[in-house]
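J.: Make a model of this:
(2 chains)
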Amino acid sequence: MLETIHQVVGKNGLIFAFLFVGVVMLFSFWFSNTFTRKKIPGVAIAILIGLGLALFGGKKGIADIPLFAGMALLGGSMLRDFTVVATAMGADLDKIKHAGLAGAIALIIGVIASFFFGVIVAYFLGYTDAESMATIGAGACTYIVGPVTGSALGASSDVIAISIAAGVVKTIVTTIGTPLIAKSIQLDNPHSAVVFGGLLGTTSGVAAGLAATDPKLVPYGALTATFYTGLGCLICPSVLYLLLRMVS
Amino acid sequence: MTIYGVALLAFCYLAGKLLGFLLGDLLQFDGDIGGVGFAMILLILGHNYLKKKDLIKTPSTNGILFWSSMYLPVIVAMAATSNVHAALSGGMVAVLAGLLATIAGFLLVPVLSKIGRPNTKQISE
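T.: I've put the predicted structure just below:
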């Protein structure tokens, strides 16, 4: 019997993932209504449960457990980008135009600020060569910018691992922190959401954080965040690294 | 038909990704720069255009709205399949670097949001 269940679920991974996520969300919204009077949004609870479940697996989170392999497809970058693009249907082109300049500036400042803080932390914790500092600084942008910069500059593999970890920390802090801090940073309108996406830049963190704050803001944040990793990969190993080498 | 909407979405997605990769090539970066952003703009423009010409009917639009409403469960699945262990294994450097960068980003939101805001009239008019 158990064998048969495993077989059926194993062959229908994506369908099982629909069912499983549906149950998680049902529980989260019930929990939000009953115990927090909707103070903590159901989506935020569901995302937290998701992160908690990821601890049971390894690199691919819960999808490392064969029964949940379909979760990797449902939560993979293809469906993430596809559904995020679809949210553009709720976006207002005029609002995007108004925020265009602010969004572009936010992108540049966002990459530079993340790089800067990553470099400072690296320096004070004992990584004083320009290559390691730049790699960790790039990792503080996103977990893709870190290894791209690290391999371009020939950083050691443990520094590259740290840079990936820094990027993942950023994604998780953005996911959990955004709904908590949204009010105090006036993140409640499309304009600031465009700026927010440009400043934080982690596509997953921005989409998840805004979803937990106010789903209407997701398309605006995602729109700018999608340029961040590319921009970071361009300027971290080049301009920012050269500047860093001049001062260090 | 529902599939027309889904097909329009798929077209915009692929065209956007293609533009993103072409921009990447142009800047000698091996990957996608802004693909999702281009796709979103294509979808908004494309849908508006077809609607004006009365070429897209409600069932087709519903095909797009279905996928738009699926992003929440996708985000939850994404959280459940993220490499949380990597975040914890990078030690203090990784935690502090990631944390400070995020906080800096948060704090800059209200500062940069002032740029070009429509209700600050001197700037937009």
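J.: my read: B:Leu42 touches B:Lys17, true?
T.: No: using C-beta atoms under 8 Å, B:Leu42 makes no contact with B:Lys17, being 10.6 Å away. From N, CA and C alone the C-beta is placed, and that goes for glycine too.
J.: host element of the residue of chain A found nearest chain B?
T.: For chain A, the residue closest to chain B is A:Ala165, as judged by C-beta to the nearest C-beta, at 2.4 Å. Using DSSP states H and E, A:Ala165 sits within helix A:157-181.
J.: buried sites along that helix?
T.: Judged by neighbour count (16 or more other C-beta atoms under 10 Å in any protein chain shown), helix A:157-181 contains these buried residues: A:159-179, A:181.
J.: And for stretch A:42-58?
T.: Buried-residue list, stretch A:42-58, by 16+ other C-beta under 10 Å: A:42-51, A:53-54, A:57.
J.: Same list (these) but as CSV, adding distance to A:Ala212.
T.: Listed next are the buried residues of stretch A:42-58 as CSV, based on distance: C-beta to C-beta, whole Å:
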residue, distance to A:Ala212
A:Gly42, 9
A:Val43, 5
A:Ala44, 4
A:Ile45, 9
A:Ala46, 9
A:Ile47, 6
A:Leu48, 9
A:Ile49, 12
A:Gly50, 11
A:Leu51, 12
A:Leu53, 16
A:Ala54, 16
A:Gly57, 22
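J.: Quick check: helices, which of these are part of them?
T.: Mapping the buried residues of stretch A:42-58 onto helices (DSSP state H) picks out A:Gly42, A:Val43, A:Ala44, A:Ile45, A:Ala46, A:Ile47, A:Leu48, A:Ile49, A:Gly50, A:Leu51, A:Leu53, A:Ala54.
J.: how about the second one, what does it touch?
T.: With contacts defined as C-beta atoms under 8 Å, 6 or more residues apart in numbering or on different chains, A:Val43 is in contact with A:Met25, A:Ser28, A:Ala211, A:Ala212, A:Pro215, B:Leu72, B:Ile75, B:Val76.
J.: which SSE is the last one in?
T.: Under the criterion of DSSP H and E, B:Val76 resides in helix B:71-80.
J.: CA-only coordinates of the helix or strand following that helix in CSV, if you can.
T.: Moving toward the C-terminus from helix B:71-80, the next helix or strand (DSSP H and E) is helix B:84-89. The C-alpha trace of helix B:84-89 is given here as CSV (Å, rounded to 0.1, in the frame of the first residue of the first chain):
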residue,chain,number,x,y,z
VAL,B,84,18.5,27.5,3.9
HIS,B,85,21.4,25.4,5.1
ALA,B,86,23.7,27.5,2.8
ALA,B,87,22.7,30.6,4.6
LEU,B,88,23.6,29.1,8.0
SER,B,89,26.8,27.5,6.8
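J.: The helix holding B:Val76 - contacts with which helices or strands?
T.: helix A:13-35, helix A:42-54, helix A:70-74, helix A:77-86, helix A:203-213 (3 or more C-beta pairs under 8 Å, 6 or more residues apart in numbering or on different chains; DSSP states H and E).
J.: Tell me how many other residues crowd the closest residue to chain A within chain B.
T.: With C-beta to the nearest C-beta as the measure, B:Gly90 is the residue of chain B nearest to chain A, at 2.4 Å. By other C-beta atoms under 10 Å in any protein chain shown, 25 other residues sit near B:Gly90.
J.: Now it: closest residue in space, sequence neighbours ignored.
T.: A:Ala165 (2.4 Å; C-beta to C-beta, 6 or more residues apart in numbering or on different chains).
J.: correct me, but that neighbour touches B:Ala94?
T.: Yes: at 3.5 Å, A:Ala165 counts as touching B:Ala94 under the criterion of C-beta under 8 Å.
J.: Now do the shared contacts for those two.
T.: Counting by C-beta under 8 Å, 6+ apart, the residues touching both A:Ala165 and B:Ala94 are A:Gly139, B:Ala87.
J.: related to what we said a few turns ago, any idea how far B:Leu9 is from the residue nearest to B:Gly90?
T.: Distance of A:Ala165 to B:Leu9, given as C-beta to C-beta, to the nearest Å: 35 Å.
J.: can the ones in helices among the buried residues of stretch A:42-58 go into TSV with extra columns for distance to B:Leu55 and pLDDT?
T.: Shown next, in TSV, are those (distance: C-beta to C-beta, whole Å; pLDDT from 0 to 100):
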residue	distance to B:Leu55	pLDDT
A:Gly42	37	84
A:Val43	34	82
A:Ala44	39	81
A:Ile45	41	87
A:Ala46	37	89
A:Ile47	38	83
A:Leu48	43	84
A:Ile49	42	92
A:Gly50	39	90
A:Leu51	43	85
A:Leu53	44	93
A:Ala54	43	90
